[in-house]
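Q: What shape does this take:
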Amino acid sequence: MLRGAGRRVAMKNSPTVEEQLEMLRRMVAVRHLEERLGELHKAGKTRGPIHRCDGQEAVGIGATAMLDDEDLLTSTHRGHAHYVGKGVGMHPIVAEILGRATGACAGRAGHMLIADMQKGLLGGNAIVGGGIPAATGFAVSLQMKNRADGGQRVAMCIFGDGAAQTGICHESMNIAALWKLPVVFVLEHNQYGLTAHHSTQSSVPDLSVRAAGYGMQSEIVDGNDVIAVHRAVGTAVERARRGEGPSLVEAKTYRMVGFSTSDVGGYQKDEDLAIWRERDPIVLARAMLADSVPAERLDALANEARAEVDAAVERALSDPLPTFTDHAPSAPYTVAGA
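A: Prediction:
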């Protein structure tokens, strides 16, 4: 199921061919966006480094395809696929990253903090794990609203394996399960927290096993298979909509680039990169459509997605910078009786 204009349509366990095509288009757009941002950073056009998500597109696109505009999402510092998946326009995203007045947050947020309340995107977060308690708190308010008006709104938090090691993650999941909150935790397990491999941060390879300690449903899924992500997260979202409480979906994927565009690298093994590049989520998604969609249509779709990004970049580069008002300094302190 892909979101309509603020309207949820009946979910199917497997996406239709047209839904698969739209997810593929979004994934190609995100990949090209990341590549263009890498170029812009090298050219000194971005305000600071960029945290790219090359190789992780299937998680963000597959998970957010299950949400409506009324559903609320918290993201991470690596959230471009989440932004696109939640329906934020490409130009507002690019303009925000380039610090332009036409950006999603008027050029004041930058690429890690983009938010769009009309789309239910409550923003990325530069604090590792910061979105987890926020989504849990939002789920409390959504639960109250759902009980009042019969709605089925849910909150979703996409976070990484580094954030999974924080204390606030465990506290949030514990209270979410205790109160049966309508929240879905999507663990985007890309194997690294900054430059530290997950094996140096956790004694268990599958972080979702911790859900059992809270009495929470969990599932491990291939994070490079957008359909598998779509199905697993869809099941969790529908469970939350029915008032059956939270779930944890652990999507195993791989960050095929450095922590950010300022990362000098050297810690990712070449053999690991080679294995995961063979399982590129965009290549896999296209292969799954090969028997039902002509190659010419798939090529045209990819070209359309790249053209959308290129047009957004060119437009944003010519957009104005934000203007700021200088406030008069505060009156100096005076000594009483002076």
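Q: Who is Leu187 paired with across the strands?
A: Phe159, Glu250 (DSSP bridges).
Q: Can you give me every residue that contacts it?
A: By CB atoms under 8 Å, 6 or more residues apart in numbering, the contact set of Leu187 is 159-161, 164, 207-208, 248-251. C-beta here means a position set from N, CA and C on the backbone, and glycine is covered the same way.
Q: go again using 7 Å as the cut-off
A: 159, 161, 164, 207-208, 248-251 (CB atoms under 7 Å, 6 or more residues apart in numbering).
Q: Would you quantify the distance from it to Asp116?
A: Going from Leu187 to Asp116 by CB to CB, to the nearest Å gives 23 Å.
Q: for the protein, which residue is closest to the average position?
A: His82 (2.8 Å; CA atoms, centre = their mean).
Q: Any figure for the gap between that residue and Ala139?
A: In this view, His82 and Ala139 are 17 Å apart by CB to CB.
Q: before we move on, what about His32?
A: His32 is 34 Å from Ala139, by CB to CB.
Q: Okay, now the sheet partners of the helix or strand of the chain with the lowest mean pLDDT, with direction.
A: Between all helices and strands in the chain, the lowest mean by mean pLDDT, DSSP states H and E belongs to strand 196-197, at a mean of 82. According to DSSP bridges, strand 196-197 forms sheet pairs with strand 192-193 (antiparallel).
Q: The strand it pairs with: how far from the chain's middle?
A: In terms of CA atoms, centre = their mean, to the nearest Å, the centre of strand 192-193 is found 16 Å from the chain centre.
Q: Begin at 6 from now on, thanks
A: Understood, numbering begins at 6; the last thing we discussed is strand 197-198.
Q: contacting residues around that strand?
A: 165-167, 203, 206, 260.
Q: model confidence over that strand, on average?
A: Mean per-residue pLDDT for strand 197-198: 84.
Q: what's the pLDDT at Ala10?
A: 36.
Q: for Lys274, that is, sorry about that
A: Lys274 is assigned a predicted lDDT (pLDDT) of 88.
Q: neighbours around it, how many?
A: Using other CB atoms under 10 Å, Lys274 has 9 neighbouring residues.
Q: And for Ala140?
A: 29.
Q: which element is it on?
A: Take DSSP states H and E as the rule and Ala140 turns out to sit in helix 136-154.
Q: That helix packs against which elements?
A: For helix 136-154, the elements it packs on are strand 77-79, strand 160-165, helix 172-183, strand 188-194, judged by 3 or more CB pairs under 7 Å, 6 or more residues apart in numbering; DSSP states H and E.
Q: With distance to Tyr219 and mean pLDDT added, can I get the ones you listed in TSV?
A: Output for these, formatted as TSV (distance: least, CB to CB, whole Å; pLDDT from 0 to 100):
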stretch	distance to Tyr219	mean pLDDT
strand 77-79	19	98
strand 160-165	15	97
helix 172-183	4	97
strand 188-194	10	97
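Q: Now list the buried members of the contacts of strand 197-198.
A: Burial by neighbour count, judged by 16 or more other CB atoms under 10 Å, picks out 165-167, 203, 260 from the contacts of strand 197-198.
Q: Just checking: the least confident one among those residues is which?
A: His203 (82).
Q: so what's that residue up against?
A: Listed by CB under 7 Å, 6+ apart, the contact partners of His203 are 166, 196-197.
Q: just those residues now: which is nearest Pro138?
A: Set against Pro138, the nearest of those by CB to CB is Asp166 (17.5 Å).
Q: is it true that the closest one touches Asp211?
A: No: in this structure, Asp166 is not within contact of Asp211 by CB atoms under 7 Å, at 10.6 Å.
Q: Give me the more crowded residue out of His37 and Ala144.
A: Ala144 (29 against 19).
Q: if I look at the more buried one, how far off is His175?
A: Applying CB to CB to Ala144 and His175 gives a distance of 16 Å.
Q: Equivalent analysis for Val288, please.
A: Using CB to CB, one gets 36 Å for the distance from Val288 to His175.
Q: do the same with Arg247
A: Distance from Arg247 to His175, by CB to CB: 25 Å.
Q: Now do the helices in the stretch 156-305 of the chain.
A: In the stretch 156-305 of the chain, the helices defined using DSSP state H, counting those that start in this stretch lie at 172-183, 231-246, 275-282, 286-294, 300-322.
Q: CA atoms of stretch 220-237 as CSV?
A: Only the C-alpha atoms of stretch 220-237 are listed here, as CSV (Å, rounded to 0.1, in the frame of the first residue of the first chain):
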residue,chain,number,x,y,z
GLY,A,220,6.4,-8.6,25.4
MET,A,221,6.6,-6.9,22.0
GLN,A,222,6.1,-8.4,18.6
SER,A,223,9.2,-8.4,16.4
GLU,A,224,10.4,-9.5,13.0
ILE,A,225,13.7,-9.6,11.2
VAL,A,226,13.6,-8.7,7.5
ASP,A,227,15.9,-8.4,4.6
GLY,A,228,16.4,-4.6,4.5
ASN,A,229,17.5,-4.6,0.9
ASP,A,230,14.3,-6.2,-0.3
VAL,A,231,11.7,-3.4,-0.5
ILE,A,232,8.8,-5.8,-0.8
ALA,A,233,9.9,-7.7,2.3
VAL,A,234,10.2,-4.4,4.2
HIS,A,235,6.7,-3.4,2.9
ARG,A,236,5.1,-6.6,4.1
ALA,A,237,6.8,-6.7,7.6
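Q: Noted, bye for now.
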